[in-house]
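A.B. asks: Got a predicted structure here, sequence first:
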Amino acid sequence: MKHFAFRTNVSILRELKISSRLSTECLRKVLQYFGHIARKDGGNLERLIVTGKVDGKRPRGRSPIRWSDQIRFALDSTVHSALHTARDRNKWKNIIRSKVMTQGGHDPQH
């Protein structure tokens, strides 16, 4: 393939027999881990890190992208609502499937 040939990302992914993009897999893993944390008992460090905020000033520079920001953006809901929803494992798996396909997935047939 020549470097100046016009090719779509989807056609290249199809040719390489890759069924999903890296960003799609990352989103899926973030949401799966969030569900795992949400189903744990309330007093664990991971849940505090995902839901809590740290006091003090942050260093100058680019704004950090926090876990809570990723969850809010991916699900179009609050973290509190997502924590409540993730307690039901089957419902959470269905949400992950639907969100990953609408936000990052591609149909290899097209």
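C.D. replies: Looks like it arrived, so ask away.
A.B. asks: what secondary structure does the spatially most central residue of the chain sit in?
C.D. replies: For the chain, the residue nearest the mean C-alpha position is L27 (2.6 Å; C-alpha atoms, centre = their mean). Following DSSP: H, G, I helix; E, B strand; the rest coil, L27 is assigned to helix.
A.B. asks: quick one, what contacts L31?
C.D. replies: Listed by C-beta atoms under 8 Å, 6 or more residues apart in numbering, the contact set of L31 reads I71, A74, L75, W92, I95, I96, K99, V100. For glycine as for every other residue, the C-beta is placed from the backbone atoms N, C-alpha and C.
A.B. asks: what number of residues lie near H80?
C.D. replies: Per other C-beta atoms under 10 Å, the neighbour tally for H80 reads 10.
A.B. asks: Contacts for the lowest-mean-pLDDT helix or strand in the chain, please.
C.D. replies: Here the helix or strand of the chain ranked lowest by mean pLDDT, DSSP states H and E is helix 45-51, holding a mean of 73. Outside helix 45-51, the residues within contact range by C-beta under 8 Å, 6+ apart are F34, I37, A38, K40, W67, S68, I71, V79, H80, L83.
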